[in-house]
Every structure is written in structure tokens, then in C-alpha cells.
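**Student:** no sequence for this one, just the structure:
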């Protein structure tokens, strides 16, 4: 019987087994692992409904290295700006990357976005991203193309033929407004169902209630986003040394 930590491939098999409705015992049998191992793995990583192999594997890696967080190669001898602790910054970046992954972004795209958000300049070239993340230029090219297509980053021409990729603060406003629009679209679809199913019927009442609920949520999100938009562009207050 194999021992040691679960591999990423085993976690993917667990996720597939859960999606197929298999019992923990059956998944464990297929992996040649104790049932208790599979049970603990699933319950500590979102439960049967929320288990994701990539996030579970990343969470295990973070727990393993939490006491001595790894610092990316090439940063150990380079002093960090503002007296930052390199290990603490790296641990924070790992946490933020995991959060983005949990919200649906692929791993490399999450790493690139985190790198841009935690850079004082807010922009980096493809070569700088490749160096900072210790990945191939091809991986960076694929990630930035995805992020740009999703409206999460922008690009601008830099010196020579190079381009810089920018973490646009306005993306948070845009994504929030997109969420509001999704609520309005759901409300409209629910109201169409009321007409089809017959006003006053149990099904129609249910849909009408859904429509009113999501309309309220959409209106609240829109109002809050408009009121708070300027927060995205607030500049740090300079210390008065006089």
C-alpha cells in the first residue's frame, strides 16, 4: 500500500470520484489508500461539494512550507524596497495567489496577477515577470493573453519594442458592474418565467420572489460601486515632516 502524501494526480482522481458520486471507500480502494486518508483529504479541503484538486494540493504545499516559506530564486541577495521581509512577502503572495485560484483563475494566471498587484510600479514586462516567477516566457505569454482577454490587465508600449503589462485598478469596478448586470439578467429571466408559468401559481411566485431579490442585490451593488469608485484611485498620504 503506498504511503506518504497524496500526489496531485491522486487528488485529481479524488475530485473525479466525487464528481461521479463515489463513496470515500470506493475512491480509496481505487487509489490503494486507506479510506481515512481520503476522508481527511476531502473534509479539510472544502468537503465533497467544494473539493478542488489544484487548491487542495496547493494548500498542502503551503502547510508544508509555512514554517520556512521558500523565497524565489534570485531574491535572497537583493534588498527589497521599503525594508520588506522577502520571506513574508513571498508567503503573502502565495496566500493571495491561492485566493485568486479559489475564485476560478488558473494557477499561472493567478501568479501573474498577484505579481502585478504586489509590485510598487503596478506594471512589468514579460521578461520581468518571467524572471520574478521563474517560469518560461511561453508561460508568461499564455497567462497575460488570458488575463488581457478577461479584461484583468492592460498593456502599454515601453521602451524599444517591449511592452509592459499593467494591473488596471479599474478592473475591480468593471467586474463589480458585471456582477450587477448578471443579477439583472437573472431577474429578467425569472420574470419571463412568471408569464410562462402563470401569474399566481406556486412556480411563478417563486420566480417572482427570485426576480425581486436579485434586482435588489443588483441595484445595491451598482449604487455601492458608483459611490466607492474613487477609492480605487486614492493616493497614499505623504507624511508631514515639518
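**Tutor:** That came through fine. As the structure is a computational prediction, the values presented were derived from the model and not from experiment. Numbering: from 1, shown residues only.
**Student:** so which helix or strand of this protein has the lowest pLDDT on average?
**Tutor:** The helix or strand of the chain with the lowest confidence, counting by mean pLDDT, DSSP states H and E, is helix 53-65 at a mean of 76.
**Student:** how many neighbours does the closest residue to residue 106 other than its chain neighbours have?
**Tutor:** Distances taken as CB to CB, 6 or more residues apart in numbering place residue 146 nearest to residue 106, at 7.3 Å, with adjacent residues excluded. Glycine gets a C-beta too; all of them are placed from N, C-alpha and C. Other residues lying near residue 146 total 16 when counted by other CB atoms under 10 Å.
**Student:** and if you look at residue 200?
**Tutor:** Neighbour tally, residue 200, other CB under 10 Å: 9.
**Student:** distance of it relative to residue 94?
**Tutor:** Plainly put, residue 200 is 54 Å away from residue 94 if you go by CB to CB, to the nearest Å.
**Student:** also residue 10?
**Tutor:** Applying CB to CB, the value for residue 10 to residue 94 is 22 Å.
**Student:** swap in residue 157?
**Tutor:** As judged by CB to CB, residue 157 and residue 94 stand 32 Å apart.
**Student:** which regions of the protein sit below the pLDDT cut-off?
**Tutor:** Scanning the chain with the threshold set as pLDDT under 70 gives 1-3, 62-79, 160, 236-242.
**Student:** residues in contact with residue 49?
**Tutor:** Residue 49 makes contact with no residue, according to CB atoms under 8 Å, 6 or more residues apart in numbering.
**Student:** where's it, which helix or strand?
**Tutor:** Element membership for residue 49, per DSSP states H and E: helix 47-50.
**Student:** check the offset of that helix from the chain's centre.
**Tutor:** How far helix 47-50 lies from its chain's middle: 18 Å, per CA atoms, centre = their mean, to the nearest Å.
**Student:** and the helix or strand harbouring the residue nearest to residue 106, how far from the chain's centre?
**Tutor:** For residue 146, the element it lies in under DSSP H and E is helix 137-149. In terms of CA atoms, centre = their mean, the centre of helix 137-149 is set 16 Å apart from its chain centre.
**Student:** count of residues packed around the nearest residue to residue 157 once chain neighbours are set aside?
**Tutor:** In space, and not counting its chain neighbours, residue 157 is closest to residue 163: 6.0 Å by CB to CB, 6+ apart. Neighbourhood size, residue 163 [other CB under 10 Å]: 14.
**Student:** and residue 157 and residue 94? which has more neighbours close in?
**Tutor:** Neighbours per residue, other CB under 10 Å: of residue 157 and residue 94, the larger number sits with residue 94, 19 against 9.
**Student:** helices of this structure, start to end?
**Tutor:** Ranges of helices in the chain, per DSSP state H, are 8-19, 24-31, 35-43, 47-50, 53-65, 86-102, 107-117, 126-133, 137-149, 170-197, 202-228.
**Student:** out of the ones you listed, flag the one nearest residue 234.
**Tutor:** Checking the helices of the chain against residue 234 by CB to CB gives helix 202-228 as the closest, at 10.3 Å.
**Student:** just checking, what packs against the closest one?
**Tutor:** helix 170-197 (3 or more CB pairs under 8 Å, 6 or more residues apart in numbering; DSSP states H and E).
**Student:** which parts of the helix it packs on are buried?
**Tutor:** Across helix 170-197, burial judged by 16 or more other CB atoms under 10 Å covers 171, 173, 176-177, 180, 183-184, 186-187, 190-191, 194, 197.
**Student:** how about a markdown table for the residues you listed, with distance to residue 82 added?
**Tutor:** Converted to a markdown table, those look like this (distance: CB to CB, whole Å):
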| residue | distance to residue 82 |
| --- | --- |
| 171 | 25 |
| 173 | 27 |
| 176 | 30 |
| 177 | 33 |
| 180 | 36 |
| 183 | 40 |
| 184 | 43 |
| 186 | 44 |
| 187 | 46 |
| 190 | 50 |
| 191 | 53 |
| 194 | 57 |
| 197 | 60 |
